[in-house]
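>>> Fold the following, please.
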Amino acid sequence: MLGLSGLALMSMLTAAFFVVTRNSNAAASQPSGAKGVVQSIKYVGTTSMHASSASAKTTGTTSSLEFRHEPEFDEDIAKSGHGALRVPADHTPKPTPSSVVTDGNAPGFSGLTHAEQRLADNGNQFSLVPPDQALCVGHGFVLESVNTALRVYNTDGTPASDVVAINPFFGLPSEITRNTNPPVFGDFTSDPKCYYDAPTGRWFVTILQSDVDPATGNFTGPSHVEIAVSQTNDPRGDWNLFSIDTTDGDGTLPGHPNCPCLGDQPLIGADANGFYVSTNEFPQFTGGFNGAQVYAISKSGIEAATSGSSLDVVHINAGALTTPDAGGIWYSVQPATTPGTGYAMANNGTEYFMSSLQFGPGALDNRIAVWALTNTSALNSANPNAVSLSHVVIDSEVYGQPPDSAQKDGPLTLANSVKPAEHLEFLAGNDDRMNQVVFAGGKLWSGVNTVVSGNGPTRVGIAYFIVTPSDPSGTLSATMAKQGYVALTQDDVLFPSIGVNASGNGVMTFTVAGSDYYPSAGYAKIDATNGAGAVHIAAAGAGPDDSFGGYHAFGGTGTDRWGDYSAAVADENGNVWFACEYIPNAPRTVNANWGTFVGHVMP
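Modelled structure (predicted):
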């Protein structure tokens, strides 16, 4: 969410062309055995889910003080790999279209909307695109965070807290203080994630943070991953706040050139021993990309830490590890979460990760990477750096850079209000980075956006992967247990997340859009035997996306950023909860009409 008021807009992440090298389907691990460096986590203080006024009114001004876009940092600038074999362009996936059930039968409720996010903190917020979705469920509560706001609900959908702005929740200055002359800019925050650890009854919320100049909003260098951990199993109570420095000094550290850097899009996971964060490291003031960074923290340590506690994190520079393609850099290495207590306990505790590959100038790829961080029990010892990270690359079905999604025509309040009037905007398909990962039933579950073809133009579809990892003696291997596609005949499905319960039954959520559907919340049941089933419309969209992000009058290109990620998670009873972006029949601001739907299904 980089402000047009002084923060330089950086191009969104666009997937590179891909290079393919052949690997056996069951491959041995690469001899990386990567170790990390130990750094300290700063205890910041405490916070609570205090009430946050939503009484302010938006004016719909076109001033740059109203908007922040959220383009991703461009990872492709550092990817120039090449290899001996490529997937030909005519190998674009042509899956059998999924059937569609327009029954709207998922129990659920409308979650946070643009209006609620914009008007939180007495209106001292920006209009933001796209909605980045966080969801965690447990102990009878649902916690949702979208962009820079969060709220707790009861499981019947009734609010259990007011809408709370992210910056005040983390003890940071408001995004922008509007009642001063001139206005004052607060810390840049973005990319929320949340997790409920059922065995310990603790809630986690993370965000990206970067210091800014209060007068201009420009980055000044220091950056962090901020972590909030609840003190009890009730998210409405008190939380402890922690901060990991992701600045990496002045760029003199090996493997971290051109810093100060920013840890883009923090991704989170957990096993029996640790809480894990993975980021993509970008220099803030020059081009370049330093790759994925993995941070491993003692879970019991951070849950018990209070003021004065000494707490360490192991930082592993995965971006410095060798890739299959010359010039490639590892990115978006997704940690896994586990429902219940079905953790991988081999090798004194193992945390798994997954990532996709897009290292060079090719349109498609047919490989994914599986990662294992072993000896995670060491995180609870005086020698936390005894953990070791390895990876394996295995064959997969073909996937690749998705196109943008067309929309069904409909009323356009904002587009028709500007001069000249704007056309219906597209929805960005973004890229094919790995989405959230779940370890359940001894398998890893995840999916990516992909290009698909068939009758008519190419469309956005979903490629999913169910992988069986094995690491009995510290030598990682993995096999593809099930893979497949979710796709529609003339429409799009985009931004998947798979939630899986302890029994190994799952639900995949995504947005459904195209010429036949206003942007709608969708889902499909999934298991390791049958793969993904029919597409269900859980909540039908009430109109087209009509937000400022895609319109030329507000600096757009005709394509609006859609939710960069959705979320799905199992509760203690085996229900899978999911949340994704759609267009609700709800109050909007002048500038945007996006909203979210929170649903649940027993798979």
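>>> looking at it, Asp211 is touching Glu226, isn't it?
No. Counting by CB atoms under 8 Å, Asp211 stays clear of Glu226, with 12.0 Å between them. (Each C-beta comes from the backbone N, C-alpha and C, glycine too.)
>>> So for the two, which sits in the more crowded spot?
For Asp211 against Glu226, the residue with the higher neighbour count under other CB atoms under 10 Å is Glu226, and the figures read 25 against 19.
>>> which residues does that one bridge with?
Here Glu226 sits in beta bridges with Ile207, Ser243, as judged by DSSP bridges.
>>> State the distance from it to Ala149.
From Glu226 across to Ala149, the span is 15 Å (CB to CB, to the nearest Å).
>>> Give me the distance from the helix or strand containing Gly461 to the chain's centre.
Using DSSP states H and E, the element containing Gly461 is strand 459-470. Averaged C-alpha coordinates place strand 459-470 at 16 Å from its chain's average position (CA atoms, centre = their mean, to the nearest Å).
>>> could we number from 52 for the rest of this?
Got it, first residue is 52 now, which makes that one strand 510-521.
>>> Can you tell me the strand partners of whichever helix or strand comes after it and which way each runs?
Next helix or strand after strand 510-521 toward the C-terminus (DSSP H and E): strand 528-537. Here the strand partners of strand 528-537, with direction, are listed using DSSP bridges: strand 78-79 (antiparallel), strand 510-521 (antiparallel).
>>> Which of these has the lowest mean pLDDT?
Within those, confidence is poorest for strand 78-79, with a mean of 38 (mean pLDDT).
>>> quick one: low-confidence parts of the stretch 102-251 of the chain?
102-115, 119-137, 139-140, 155-156 (pLDDT under 70).
>>> And the pLDDT for the nearest residue to Asp322 once chain neighbours are set aside?
Distance criterion CB to CB, 6 or more residues apart in numbering; nearest residue to Asp322, sequence neighbours excluded, is Glu402 at 4.4 Å. The predicted local confidence for Glu402 comes out at a pLDDT of 98.
>>> Leu415 now?
The predicted local distance difference test score for Leu415 is 89.
>>> partners of it in the sheet?
In this structure, Leu415 bridges to Gly451 when assessed by DSSP bridges.
>>> For it, give its distance to Ser497.
Separation of Leu415 from Ser497 (CB to CB) stands at 18 Å.
>>> what does Phe490 give?
Distance of Phe490 to Ser497, computed by CB to CB: 10 Å.
>>> what's the weakest-modelled helix or strand in the protein?
strand 53-54 (a mean of 34; mean pLDDT, DSSP states H and E).
>>> any idea where the strands of the stretch 552-654 of the chain begin and end?
Residue ranges of the strands in the stretch 552-654 of the chain, as given by DSSP state E, counting those that start in this stretch, are 556-565, 571-578, 582-583, 586-590, 610-611, 618-621, 627-633, 646-652.
>>> hmm, who's touching the fifth one?
When contacts are defined by CB atoms under 8 Å, 6 or more residues apart in numbering, strand 610-611 is touched by residues Val180, Pro181, Asp455, Glu476, Phe477, Leu478, Ala479, Asp596, Ser598, Gly600, Gly601, Tyr602.
>>> do the same with the last one
For strand 646-652, the external contacting residues (CB under 8 Å, 6+ apart) are 157-165, 182, 184, 186, 188, 193, 195, 197, 204, 206, 208, 558, 560, 572, 574, 576, 589-590, 614, 622, 626-635, 637.
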